[in-house]
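> build me a model from this:
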Amino acid sequence: MSTVLIRNAKIVNEGAIFEGDILIENEFIKEIAEKISPKSSDCVIIDAEGSYVIPGAIDDQVHFREPGLTHKGNIETESRAAVAGGITSFIEQPNTVPNAVTQELLEDKYQIAAKTSYANYSFMMGGTNDNLEEVLKTNPRNVAGIKLFLGSSTGNMLVDNPEVLEKIFSSTKMLIAVHCEDEATIKANIQKYKEEFGDDIPMKYHHLIRSEEACYLSSSRAIELAKKTGARLHVFHLSTAKEMELFTNKIPLEQKQITAEVCLHHLWFTDADYETKGALIKWNPAVKTQADKDVLWKALLDDRIDVIATDHAPHTLEEKSNPYLTCPSGGPLVQHAVVAMFEAHHQGKISVERIVEKMCHNPAKIFKIEKRGFIREGYFADLAIVNTHLPWNVKKENILYKCGWSPFEGYNFKSRITHTFVNGKLVYHNGKVKEVKVGQRLLFEREA
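Next up is the predicted model:
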């Protein structure tokens, strides 16, 4: 039996911070108390004095690129970066190659992760214009949800047939997660800028091409359809102030049928950063204006937005150096997301308790994940220890993404993840990922 005792921690859980000890036994949290004595001589003791212990973050939207795009990243490399960043569970998206749009292809990804993942994992089933039968076979107990691209992005998975959309929305009780951007609006905007600049459109126009209007048109339609059909809708990576009027904070999260996510990059960067960062911050949906960012923060803090994710989506630097029209959108974020939110805490924007609520508790609630996302006795010991007084600089040598770069390169973070536990095992400690792949398939508290 392996036991670990974390002592003198500032434990962050369910809206409170309290000093105490956590006893881990095998995979689970055995005891939480003000003072715990080691139960055996081989108990490993970690002194966390002055540091926060938080539940491992749950990232509900990543693209780990396996199978088919593994020159950019794979489940092994990107889950390794995730645990170094305090993320202990991830939900990966279906736009790999081939797209995960049949039960067999979806299961293939689970088989890869079972052998190679450092973190706990789930994979979304992809919906298309013609795979409703396959979508409806999805098991709600062991698959996170259904993913629909209502605007095209990496991979060709655009669902643009209104009849098909309505059929999917009205036929499943599973959570439906959507990427919302209106394709016709984007195409018209591209045409307009091509007429002005030819194929060499400056990167700074990205947010005007994948515009506020494109986002709002699509997300408002999806929400209208969810209200009409009673579907359980989760809207990914919101990026505009205007969309915030579509969401409510008038009811508790557990009662919401429509939930909202914001990604780290939309809380951190603005269109002014295209000048220095260029393609490295080209995402879909695009990073928008300071005014948009301000309202996203407001909506996050007043609970119209429920969860913070990364939309981690690596590309090689070579691909990122292509001209605007052929440069792919997306960037790597899992290693730096938690410390970036702690940076926002240092700046007075958000409390540590709220970071934990939005990155740990709420993803667990939204997806009904079994025994994760909280520091509770009997729950899996997925934990991260965060020292908020241990500055470090992001540089090539400490970036763990397979693509080898980060939009945060050169940035000095004030906080550092010192330890990460997955299922009771120490998988990351002081800059080193241990070769311990103990990630498990996430299970969900839903009726099959």
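> what's whichever strand or helix holds Arg221 packed up against?
Assessed by DSSP states H and E, Arg221 sits inside helix 212-229. Using 3 or more Cβ pairs under 8 Å, 6 or more residues apart in numbering; DSSP states H and E, the elements in contact with helix 212-229 are helix 162-171, strand 175-179, helix 183-197, strand 232-235, strand 258-263. C-beta here means a position set from N, CA and C on the backbone, and glycine is covered the same way.
> any idea which of the ones you listed gets closest to Ile36?
In this view, the helices and strands packed on helix 212-229 are compared for proximity to Ile36 by Cβ to Cβ, and strand 258-263 is the closest at 36.2 Å.
> mind listing what that closest one pairs with, with the direction of each?
Applying DSSP bridges, strand 258-263 is found paired with strand 232-235 (parallel), strand 307-309 (parallel).
> need the winner for burial among those.
strand 307-309 (a mean of 28; mean count of other Cβ atoms under 10 Å).
> run the chain-centre distance for the next helix or strand after it.
Downstream of strand 307-309, the next assigned helix or strand under DSSP H and E is helix 317-320. How far helix 317-320 lies from its chain's middle: 22 Å, per Cα atoms, centre = their mean, to the nearest Å.
> ok, now stretch 401-416?
That offset, for stretch 401-416, works out to 17 Å (Cα atoms, centre = their mean).
> may I see the buried residues of it?
Buried residues in stretch 401-416, counted by 16 or more other Cβ atoms under 10 Å: 401-403, 405-409, 411, 413-416.
> stretch 312-327 now?
Quick answer for stretch 312-327 (16+ other Cβ under 10 Å): 312-315, 319-320, 324, 327.
> circling back: how about CSV for the strands paired with strand 258-263, with mean pLDDT and distance to Arg441 added?
Listed next are the strands paired with strand 258-263 as CSV, based on pLDDT from 0 to 100; distance: least, Cβ to Cβ, whole Å:
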stretch, mean pLDDT, distance to Arg441
strand 232-235, 98, 20
strand 307-309, 98, 19
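> helices of the chain, start to end?
Ranges of helices in the chain, per DSSP state H, are 75-84, 103-116, 132-135, 162-171, 183-197, 206-209, 212-229, 264-268, 274-277, 290-301, 317-320, 337-346, 352-356, 362-367.
> can you redo these as JSON lines with distance to Leu390 and mean pLDDT?
Below are the helices of the chain laid out as JSON lines (distance: least, Cβ to Cβ, whole Å; pLDDT from 0 to 100):
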{"stretch": "helix 75-84", "distance to Leu390": "14", "mean pLDDT": "98"}
{"stretch": "helix 103-116", "distance to Leu390": "30", "mean pLDDT": "98"}
{"stretch": "helix 132-135", "distance to Leu390": "46", "mean pLDDT": "94"}
{"stretch": "helix 162-171", "distance to Leu390": "47", "mean pLDDT": "93"}
{"stretch": "helix 183-197", "distance to Leu390": "43", "mean pLDDT": "96"}
{"stretch": "helix 206-209", "distance to Leu390": "35", "mean pLDDT": "98"}
{"stretch": "helix 212-229", "distance to Leu390": "38", "mean pLDDT": "97"}
{"stretch": "helix 264-268", "distance to Leu390": "20", "mean pLDDT": "98"}
{"stretch": "helix 274-277", "distance to Leu390": "26", "mean pLDDT": "98"}
{"stretch": "helix 290-301", "distance to Leu390": "26", "mean pLDDT": "98"}
{"stretch": "helix 317-320", "distance to Leu390": "29", "mean pLDDT": "98"}
{"stretch": "helix 337-346", "distance to Leu390": "10", "mean pLDDT": "98"}
{"stretch": "helix 352-356", "distance to Leu390": "15", "mean pLDDT": "98"}
{"stretch": "helix 362-367", "distance to Leu390": "26", "mean pLDDT": "98"}
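> follow-up on the earlier one: dump the helix holding Arg221 to PDB, restricted to CA.
Output in PDB follows, covering the C-alpha atoms of helix 212-229 (Å, rounded to 0.1, in the frame of the first residue of the first chain):
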ATOM      1  CA  GLU A 212     -17.900  39.400 -33.200                       C
ATOM      2  CA  GLU A 213     -20.800  39.000 -35.600                       C
ATOM      3  CA  ALA A 214     -19.600  35.600 -36.800                       C
ATOM      4  CA  CYS A 215     -19.500  34.400 -33.200                       C
ATOM      5  CA  TYR A 216     -22.800  35.900 -32.000                       C
ATOM      6  CA  LEU A 217     -24.800  34.700 -35.000                       C
ATOM      7  CA  SER A 218     -23.700  31.100 -34.400                       C
ATOM      8  CA  SER A 219     -23.800  31.000 -30.600                       C
ATOM      9  CA  SER A 220     -27.300  32.700 -30.500                       C
ATOM     10  CA  ARG A 221     -28.600  30.100 -33.000                       C
ATOM     11  CA  ALA A 222     -27.200  27.200 -31.000                       C
ATOM     12  CA  ILE A 223     -28.800  28.500 -27.800                       C
ATOM     13  CA  GLU A 224     -32.100  29.100 -29.500                       C
ATOM     14  CA  LEU A 225     -32.000  25.500 -30.800                       C
ATOM     15  CA  ALA A 226     -31.100  24.200 -27.300                       C
ATOM     16  CA  LYS A 227     -34.000  26.100 -25.800                       C
ATOM     17  CA  LYS A 228     -36.400  24.800 -28.500                       C
ATOM     18  CA  THR A 229     -35.300  21.100 -28.100                       C
END
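> ok, Asp271 touching Pro202?
No: taking contacts as Cβ atoms under 8 Å, Asp271 lies outside contact range of Pro202: 11.6 Å.
> which two in the buried residues of stretch 401-416 are spaced the farthest apart?
Maximum distance among those (Cβ to Cβ): 27.0 Å, for Lys402 and Lys414.
> now, which of the buried residues of stretch 401-416 sits nearest Arg65?
Nearest to Arg65 among those: Lys402, at 8.1 Å, using Cβ to Cβ.
> hang on, isn't that closest one packed against Glu78?
Yes: the criterion here is Cβ under 8 Å, and Lys402 meets it with Glu78 at 6.9 Å.
> overlap in contacts, those two.
Pro314 (Cβ atoms under 8 Å, 6 or more residues apart in numbering).
> contacts for the helix holding Arg221, please.
So helix 212-229 is contacted by 150-151, 165-166, 169-170, 176, 178, 180-182, 185-186, 189, 231-233, 235, 238-243, 246, 257-258, 285, 288, 292 (Cβ under 8 Å, 6+ apart).
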